[in-house]
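> Provide a 3D model corresponding to the input given below.
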Amino acid sequence: MARVRLRAVLAVSCTAALLLAACNGEETVDDPATDTDDTDEVDDTDDTDDTDDEDAAEADGDPIQIGIVTSTSGLLGAYGDAYVDGLQAGLDHATAGSGAVDGRPIEFDIVDDGGEPDQAISAAVDLVGQGVTILAGAVSSGVAVQMAPFAEENEVLFISGPAATDAVTGINDYTFRSGRQSYQDVAAAASLVDDIEGATVAGFVQDSEFGESNLAALESVLGEEGATIEPVEVPLSATEFTPFVQQVADVDPDLVFVAWAGDTTPAMWEAMEQQAIFDDYTVTTGLGDVATWPLYGPAGPDIQFLSHYYSTAPETEVNDQMVEAVGPENVDLFTPDGFVAAQMMVHALETASPDDVEGMINALQGWEFEGPKGPTMIRESDHAVLQPMFTASMENIDDDPANIEVETLEVLDPEATAPPES
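Next comes the predicted model:
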């Protein structure tokens, strides 16, 4: 099994990072490491069975340390937690339970970046200084676009996580991703729209790297099909949304595309409902993590959802195994991003040593495999992850998300939402 060290970044020492707006998470999750120092460890071996002991005995080589720079606190904490759950399950799956490659146990050094680019770069500097050659885990788009050039400069492999910004794809040879990107979200939404040519689409987004990425994807996908994109950008600091919702009504769109995340989500949907946006216009948005499902309120069944993942969408053996490993009550929106990241790490390490970064890169380029969502391919030219996407409808609303039913409308083949080559 993997050995895990969870650390909080308590100080910032790197001045090279630029502060960019982050893709915000859905809720704040307390970080069990916030009261610890850099030497604290989380031991996940206490409950292992005899089989795990045998695997550990065989894995007696030098450990392979992998740096996981992600968010385990703050606005992005829930996303980071789901990613880490998937990471552990994916490592177990990819190594047949040993947590090791060629007898060398894999250790995850998990560092909380708090969703802040400067903290992430500071953590990356520390990890690379310790000899780490594989970094992964970015949840924030703002973090991802800073980690990518850092990876190239330091010649280490970087596998970005749930961060959706399209800018990561094709940015350099050292950077990969394990999740979807904004283009794929928008391409999935396009499948819900009839007669897009000549239509007006209001892009209701946050003024952030995540929001800009979605607007760019709207232009690239729907704009190329003849739609006029009208952006409505809302500052991350905003707490009153009525004036921005009114801008949507002023545009009188054929479609309202919402890209939103963070603690302000309930207030935003409430403002839309109060302004009768759902009565007057077709609204589409991404289906968020499970905890947010009740937040759509009475409008939930009227929204046409695009979806990266929810636990009952893929009908695959790998997904069944992931759900069982993580637990049906814990698997969430970005669990597969961690799972796929672990699959990628193990494949790279089975092909090349951790000291051979170029060899690991070559191993991942063009690799086709079965991920939790189904057939998955890392495109050789720009490292885009081609994967199934989903459209869905919400059948009912309940204050308890466990009681909400989501029905899959369509499973979109990887090529149907593939971004243009960078």
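> where does Ala188 land on pLDDT?
At Ala188, the predicted lDDT confidence score is 89.
> Kindly apply the preceding question to Ser422 instead.
The per-residue pLDDT of Ser422 was computed as 80.
> Let's verify the closest residue in space to it that isn't next to it in sequence: helix, strand, or coil?
Spatial nearest neighbour of Ser422, excluding adjacent residues (C-beta to C-beta, 6 or more residues apart in numbering): Gly170 at 2.6 Å. (Glycine included, C-beta is placed from N, CA and C.) Assigned by DSSP: H, G, I helix; E, B strand; the rest coil, the conformation of Gly170 is coil.
> Contacts only, for Gly170.
381-384, 421-422 (C-beta atoms under 8 Å, 6 or more residues apart in numbering).
> how far away is it from Phe369?
21 Å (C-beta to C-beta, to the nearest Å).
> now do Pro243
Taking C-beta to C-beta, one finds Pro243 at 47 Å from Phe369.
> Phe241 too?
Phe241 is 42 Å from Phe369, by C-beta to C-beta.
> just Thr284 next, same as before
Taking C-beta to C-beta, one finds Thr284 at 30 Å from Phe369.
> Which one's more surrounded, those two?
Thr284 (21 against 14; other C-beta atoms under 10 Å).
> Across the sheet, point out what pairs with the more buried one.
Phe257, Gln304 (DSSP bridges).
> List the contacts of the residue lying closest to Glu152 once chain neighbours are set aside.
Nearest non-adjacent residue to Glu152, counting by C-beta to C-beta, 6+ apart: Asn172, 4.2 Å away. Contact partners of Asn172, counting by C-beta under 8 Å, 6+ apart, are 148-149, 151-152.
> any idea which of these is the one closest to Met389?
Ala148 (23.2 Å; C-beta to C-beta).
> Where does pLDDT dip in this structure?
For the chain, applying pLDDT under 70 flags the ranges 1-58.
> residue ranges for the helices of it, please.
Along the chain, counting by DSSP state H, helices occupy 50-58, 77-94, 117-129, 141-154, 182-190, 209-218, 242-251, 265-274, 277-280, 317-326, 335-351, 357-364.
> Please identify which of these is closest to Tyr309.
Ranking the helices of the chain by proximity to Tyr309 (C-beta to C-beta) places helix 335-351 first, at 5.2 Å.
> and the angle from the closest one to helix 357-364?
120 degrees (axes from the mean of the first three to the mean of the last three C-alpha atoms, to 10 degrees).
> which other helices and strands contact helix 335-351?
In terms of contacts (3 or more C-beta pairs under 8 Å, 6 or more residues apart in numbering; DSSP states H and E), helix 335-351 is packed against helix 77-94, strand 100-101, strand 104-112, strand 134-136, strand 157-160, helix 317-326, helix 357-364, strand 368-371.
> The third one to helix 117-129, inter-axis angle?
This means strand 104-112. 150 degrees.
> Just give the strands next to strand 104-112 in its sheet, each with its orientation.
Strand 104-112 is paired, per DSSP bridges, with strand 3-8 (parallel), strand 64-70 (parallel), strand 100-101 (antiparallel).
> relative to helix 77-94, how tilted is it?
180 degrees.
> How about the contacts made by the nearest residue to Ala164 once chain neighbours are set aside?
Among residues not flanking Ala164 along the chain, Ser182 sits closest, at 4.7 Å (C-beta to C-beta, 6+ apart). Going by C-beta under 8 Å, 6+ apart, Ser182 touches 164-166, 210, 213-214, 216-217, 259.
> ok, now Ala271?
Here Ala271 is in contact with 241-242, 244-245 (C-beta under 8 Å, 6+ apart).
> what about the closest residue to it other than its chain neighbours, neighbour count?
Leaving aside its sequence neighbours, Ala271 sits nearest to Phe241 (C-beta to C-beta, 6+ apart; 3.9 Å). For Phe241, the neighbour count with other C-beta under 10 Å is 20.
> so Phe241 sits right up against Ala267, yeah?
Yes. Between Phe241 and Ala267 there is a contact at 6.2 Å, judged by C-beta atoms under 8 Å.
> per the record, what domains does the protein have?
3-179+314-386, 183-307+388-417 (automatic domain parsing).
> Deepest in the core, which of those is it.
domain 3-179+314-386 (a mean of 21; mean count of other C-beta atoms under 10 Å).
> How about the residue nearest in space to the middle of the chain, nearest residue that isn't a chain neighbour?
Note on the chain: the residue nearest the mean C-alpha position is Pro162, at 1.4 Å, using C-alpha atoms, centre = their mean. Nearest residue to Pro162, sequence neighbours excluded (C-beta to C-beta, 6+ apart): Phe334, at 4.2 Å.
> With Ala363 instead?
Thr351 (3.6 Å).
> got a list of what the one you found touches?
Thr351 neighbours (C-beta under 8 Å, 6+ apart): 359-360, 362-363.
> One more: Ala259?
By C-beta under 8 Å, 6+ apart, Ala259 lies in contact with 182, 185, 203-206, 210-211, 214, 285-286.
> List the contacts of the closest residue to Gln343 other than its chain neighbours.
Using C-beta to C-beta, 6+ apart and skipping the chain neighbours, the partner closest in space to Gln343 is Ala94 (5.0 Å). Each residue near Ala94 by C-beta under 8 Å, 6+ apart is listed here: 342-343, 345-347.
> As CSV, these with distance to Ser122 would be great.
Formatted as CSV, those follow (distance: C-beta to C-beta, whole Å):
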residue, distance to Ser122
Ala342, 25
Gln343, 28
Met345, 23
Val346, 28
His347, 29
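> From Gly288, how far off is the residue lying closest to Asn403 once chain neighbours are set aside?
Distance criterion C-beta to C-beta, 6+ apart; nearest residue to Asn403, sequence neighbours excluded, is Asn396 at 7.5 Å. Per C-beta to C-beta, Asn396 is found 17 Å from Gly288.
> do the same with Ala299
Per C-beta to C-beta, Ala299 is found 14 Å from Gly288.
> do the same with Asp302
16 Å.
> With Thr282 instead?
Taking C-beta to C-beta, one finds Thr282 at 19 Å from Gly288.
> Kindly report the same for Thr169.
For Thr169 relative to Gly288 (C-beta to C-beta), the value is 22 Å.
> what's the answer for Asp356, then?
When distance is defined by C-beta to C-beta, Asp356 is 39 Å away from Gly288.
> got it, and Val156?
32 Å.
> now swap in Met360 and tell me
33 Å.
> Then Leu222?
Distance from Leu222 to Gly288, by C-beta to C-beta: 21 Å.
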